[in-house]
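Asker: A predicted structure for the sequence below; I have some questions about it.
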Amino acid sequence: MKINQKIKRLRIARGLTLEKFAQLSDLSRGYLSKVERSSQPPPVSTLQAIAVALGVDIAEFFEAGPSHTSTSSNLDIVRKAEHKEEFVSEAGYLYRPLLKHFRNKYMSPFLMTIEKGETDAFSHDSEEFDYVIKGTIEFHYEGEIYVLHEGDSFYFDSRKTHRIVNKAEEPAMVLAVNYNYRRF
């Protein structure tokens, strides 16, 4: 089931109208309706707000398939062939979850691909560590622009609005690890 379908199913299962859902998520009714109908998932930051409004862990949107390949419930191994598809975010980047199970974890690692252009400016309720694997990006944060190259990393309060710009023809690749304040 696609992320957008899961959002709608969870909203309906909780008896929430779009109006009430908008109040709980601090997102507009029209935007949430668009999210539910879209073929593309919203940005991770929006998914976090939706998860909080629905009273679920963000993991609810990504988890599927077999459980751990380890005998320990404290270990999450994802083999190369098991990585999930890359999702196209409406915010202007692609992202791939790097875990099978996000439930009850404070950190959410993703591999982001930023094509030429810029992402929307966004914020989310977490702290974030990013490492530039490939390419050069501009990181726009608190009125400053930071040029970051392959091998550079940065850590920031992602509750502040930020944006990433890739001016190169080739896609940039960034490992992003969000530390989420809330778990369900």
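Answerer: Good, I have the coordinates. Residues are numbered from 1 along each chain as shown.
Asker: Output the contacting helices and strands for the lowest-mean-pLDDT helix or strand in the chain.
Answerer: Lowest by mean pLDDT, DSSP states H and E among the helices and strands of the chain is strand 87-88, with a mean of 75. Contacts defined by 3 or more CB pairs under 8 Å, 6 or more residues apart in numbering; DSSP states H and E place strand 87-88 against strand 94-97. C-beta: built from backbone N, CA, C; applies to glycine.
Asker: Just checking the distance from the strand it packs on to the centre of its chain.
Answerer: Chain-centre distance of strand 94-97: 7 Å, with CA atoms, centre = their mean, to the nearest Å.
Asker: ok, E118 - contacts?
Answerer: For E118, the contacting residues are G92, R163, I164, V165, N166, by CB atoms under 8 Å, 6 or more residues apart in numbering.
Asker: Tell me what it is bridged to.
Answerer: Assessed by DSSP bridges, E118 has beta-bridge partners V165.
Asker: pLDDT value on it, please?
Answerer: Note on E118: pLDDT of 90.
Asker: again with E115
Answerer: Looking at E115, the pLDDT reads 92.
Asker: Without its sequence neighbours, what residue ends up closest to it?
Answerer: P171 (5.1 Å; CB to CB, 6 or more residues apart in numbering).
Asker: Which stretches in this structure count as strands?
Answerer: Taking DSSP state E to define them, one finds strands in the chain at 87-88, 94-97, 107-114, 117-118, 126-134, 136-141, 144-149, 153-157, 162-166, 172-180.
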